[in-house]
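Engineer: I would like the atomic coordinates for the input below:
(2 chains)
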There are 2 protein chains.
Amino acid sequence: MHAVRIAGAGSTAFSASPERTGRDLFGEAARIAIEDSGVPRADIDRLCYGNFAGTVTERQGHQGPLMAEAAGVTAPATRYESACASGGVALRSGVEAVRSGAVDVVLVGGMERMHNVTTERATEGLAMAADDLYESRAGVTFPGAYALMARAYFEEFGGTRADLAAVAVKNHRNALGNENAQFQREISTTDVLEAPTVADPLGLYDACPITDGASACVLVSEEYAENHDLNASVSVTGSGQGTDSLALQNRESLTRTPATERAAMVAYDDAGVAPADVDLLEVHDCFTIAEVLALEGLGLYDPGDAIDAATSGETTRDGDLPVNLSGGLKAKGHPVGATGVSQVVELTKLLRGDHVNSSAVPDASVAVAHNAGGTVASATVHVLEVRS
Amino acid sequence: MHAVRIAGAGSTAFSASPERTGRDLFGEAARIAIEDSGVPRADIDRLCYGNFAGTVTERQGHQGPLMAEAAGVTAPATRYESACASGGVALRSGVEAVRSGAVDVVLVGGMERMHNVTTERATEGLAMAADDLYESRAGVTFPGAYALMARAYFEEFGGTRADLAAVAVKNHRNALGNENAQFQREISTTDVLEAPTVADPLGLYDACPITDGASACVLVSEEYAENHDLNASVSVTGSGQGTDSLALQNRESLTRTPATERAAMVAYDDAGVAPADVDLLEVHDCFTIAEVLALEGLGLYDPGDAIDAATSGETTRDGDLPVNLSGGLKAKGHPVGATGVSQVVELTKLLRGDHVNSSAVPDASVAVAHNAGGTVASATVHVLEVRS
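Structural biologist: Numbering: from 1, shown residues only, chains lettered A, B, ... in the order given. Just a heads-up that it's a prediction; the model follows:
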């Protein structure tokens, strides 16, 4: 198996940019990542690209070839779609391709554009991540689905809206100074608790925003990195994926996320690390409760124990286990198809020491990226390690 | 590299089945393929699944988990989308996964459902395979785009509408007795030439139909096949993918398909075969001209030489190089996301000797499947070989 290095990483600003097309956004992210890598475009062997709702927001399927062209790449290009985990599965496919020796250089990336359509249309688009037959057409959208999970969690394990609010407050604070983040402003617990209710117990500030943006990474084999003297100190050492029933009604539990558990088990085993080795994480906090469930699914907390991780300060910037130092989906933003790749862009910078929050984790060596689709019907987990 | 065997293959009937949901269709194809393979569902390590327009026709994205559940599989599941080559890229991903040793058993498949929406809506859905900015919104749909290619071909190399008609006549004849084919009836050259014009020079019978259906294959490593005494005589020995500009306007030529050329070069090299070794093919004949361009792109004919391959009888059932013995997209039907997998299902049966047209190719050992997306902005080529 060939070791996989991250030679370059880049994102556009995450924002509301209805005037920018998808190809414009992805072209920019790809250019930043490729320039960061020092790899000539002609060496890129394939593009693995994630996008979720382009057919709805841009009437544009078949985005693989389109985005290859936008990136100035002529290699074979494929679009992966796994709802909000589209970026994660594209990344995983790129990692597997380099590992297997099939290729030496892969451009992985993702893009989403949603502010160019009405909120109603964007909501319809996002609802396609749920089961149309048993959920969407019955009126269940994602705030409602995650509210069900939060209520079940409170009932089973306890916890309060203030515990969830602490996650939002933490992630907004982390986004301060992250130049790519959509929201670079602090919020207070009171702001969260007094915000309009979206789906009880979740309020407006328990939810991530709708975001336009793109991210990309250049993955290379260790041999390629060494032969080309690349500065690629961060490696992808573990990769896992898990799948669960699409509809919540078919799950045994509303408070466990077996797709995350399976993906994590595979990724840790792959990397030869244990949860206790992890120094920092980017997890899929599409709603505040999702961060809690992710930390438990990833084996960092026992079921029921992660609810006060932010409240207690354990997962804050200065805690023992910083989570979502980028600001997370909550404050950095959630351009759906890009998110899974964006997490790795942020972790790469954090581990390399060129992130605004790198000073919070000066000795970090093991990082985890967790990307989820729907109500965690899909999950990918990647382990990143830095050579000191 | 681990050798890849096809342990099982199956399709639903291809037809207009507006009453059947996508999960119903894919569940059936998966069941047939799994039963054909003799592999227990619990041994399936992943699902690679192709679908193109489900977000438009069923408001359903995130079909990986949905279709895993429909197939009774709990393994990680990912949807691949590359327009009409969605099945081909899903297949290729499964082949690569087994080859690399990452997994032993992969269920690959695809599904499309389009008859449940209006023709206008289906046309809109299909147009998403083209470049929205430069083609679709200017009114270019696929009959128009392929008509441009046909006119350019006639101008550059010569050829007649009757030559194209011979492709349609041949493929309809091949579909006779193929129990899964959408059209099991002969048509005459006159039928084709006198059919209503869709986009000059292409008439109604130069185009494939809109189809509902699903296909699936179980791929296994050679080691797994041997350890489990599977009857898996057909191997996938070559796999290639190529990408071109999405919009026709950015191409150097309207009569060449470099994505097919690149995919073929990689696949032949991979399998260690030359075009002259190929005994039969399933190629992407979404329009009659597309079969001509495919045969040239695949290196079986020089540019300009394939136009009369059907007229002369070379590619008919009893010719030297039978093409689309299944009936092709033209008569077997074209359930978009399933097509690339369906071609391999048909070739597997043809090579194993359990296809209605196996008697046409009793000594065949090398077969090629060619799947294309859009105006061949995406192409996959797979080489199949049978152990005698």
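Engineer: Disregarding residues adjacent in the polypeptide, which is nearest to residue A:126?
Structural biologist: Closest residue in space to residue A:126, ignoring its immediate chain neighbours: residue A:142 at 6.1 Å, by C-beta to C-beta, 6 or more residues apart in numbering or on different chains. Placement of C-beta: from N, CA and C, glycine included.
Engineer: Would you mind measuring from the spatially most central residue of chain A to chain B?
Structural biologist: The C-alpha lying nearest the average C-alpha coordinate of chain A belongs to residue A:340 (C-alpha atoms, centre = their mean; 3.3 Å). Residue A:340 is 12 Å from chain B, where distance means C-beta to the nearest C-beta, to the nearest Å.
Engineer: Please give me every residue in contact with that residue.
Structural biologist: Counting by C-beta atoms under 8 Å, 6 or more residues apart in numbering or on different chains, residue A:340 makes contact with A:50, A:85, A:86, A:87, A:88, A:89, A:90, A:91, A:110, A:369, A:371, A:380.
Engineer: I'd like to know how many residues surround the residue nearest to residue A:361 when sequence neighbours are not counted.
Structural biologist: Nearest residue to residue A:361, sequence neighbours excluded (C-beta to C-beta, 6+ apart): residue A:280, at 5.1 Å. Neighbourhood size, residue A:280 [other C-beta atoms under 10 Å in any protein chain shown]: 23.
Engineer: from what I can see residue A:280 touches residue A:347, true?
Structural biologist: Yes - between residue A:280 and residue A:347 there is a contact under C-beta atoms under 8 Å: 7.3 Å.
Engineer: if we can go back for a sec, OK, contacts around the residue nearest to residue A:126?
Structural biologist: With contact set as C-beta under 8 Å, 6+ apart, residue A:142 has these partners: A:126, A:127, A:129, A:130, A:286, A:287, A:374, A:375.
Engineer: May I see those residues arranged in CSV, with distance to residue A:120 and secondary structure as well?
Structural biologist: Formatted as CSV, the contacts of residue A:142 follow (distance: C-beta to C-beta, whole Å; DSSP: H, G, I helix; E, B strand; the rest coil):
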residue, distance to residue A:120, secondary structure
A:126, 11, helix
A:127, 11, helix
A:129, 16, coil
A:130, 16, coil
A:286, 19, coil
A:287, 20, strand
A:374, 20, coil
A:375, 21, coil
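Engineer: Tell me the one of those residues nearest residue A:216?
Structural biologist: Set against residue A:216, the nearest of the contacts of residue A:142 by C-beta to C-beta is residue A:286 (21.3 Å).
Engineer: Could I get the full set of strands for the stretch 1-150 of chain A?
Structural biologist: For the stretch 1-150 of chain A, the strands defined by DSSP state E, counting those that start in this stretch occupy A:4-11, A:46-50, A:77-81, A:105-112.
Engineer: What strands flank the first one, and is each parallel or antiparallel?
Structural biologist: Spelled out, that is strand A:4-11. If you go by DSSP bridges, strand A:4-11 pairs up with strand A:213-221 (antiparallel), strand A:234-243 (antiparallel).
Engineer: Report the beta-bridge partners for the closest residue to residue A:270 other than its chain neighbours.
Structural biologist: Leaving aside its chain neighbours, residue A:270 sits nearest to residue A:238 (3.9 Å; criterion: C-beta to C-beta, 6+ apart). Here residue A:238 sits in beta bridges with residue A:383, going by DSSP bridges.
Engineer: can you pull the contacts of residue A:238?
Structural biologist: A:266, A:267, A:268, A:269, A:270, A:271, A:272, A:273, A:381, A:382, A:383.
Engineer: Can you flag which of these belong to strands?
Structural biologist: A:381, A:382, A:383 (DSSP state E).
Engineer: In TSV: those residues, plus distance to residue A:67.
Structural biologist: Below are the ones in strands among the contacts of residue A:238 laid out as TSV (distance: C-beta to C-beta, whole Å):
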residue	distance to residue A:67
A:381	25
A:382	21
A:383	27
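Engineer: Select from these the one having the most neighbours.
Structural biologist: Comparing the ones in strands among the contacts of residue A:238 by number of neighbours (other C-beta under 10 Å), residue A:381 comes first, having 33 neighbours.
Engineer: any idea how far it is from chain B?
Structural biologist: Residue A:381 sits 11 Å away from chain B, going by C-beta to the nearest C-beta.
Engineer: For that residue, list the residues it contacts.
Structural biologist: Applying C-beta under 8 Å, 6+ apart, we find residue A:381 in contact with A:238-242, A:260, A:263-264, A:266-268, A:298, A:368-371.
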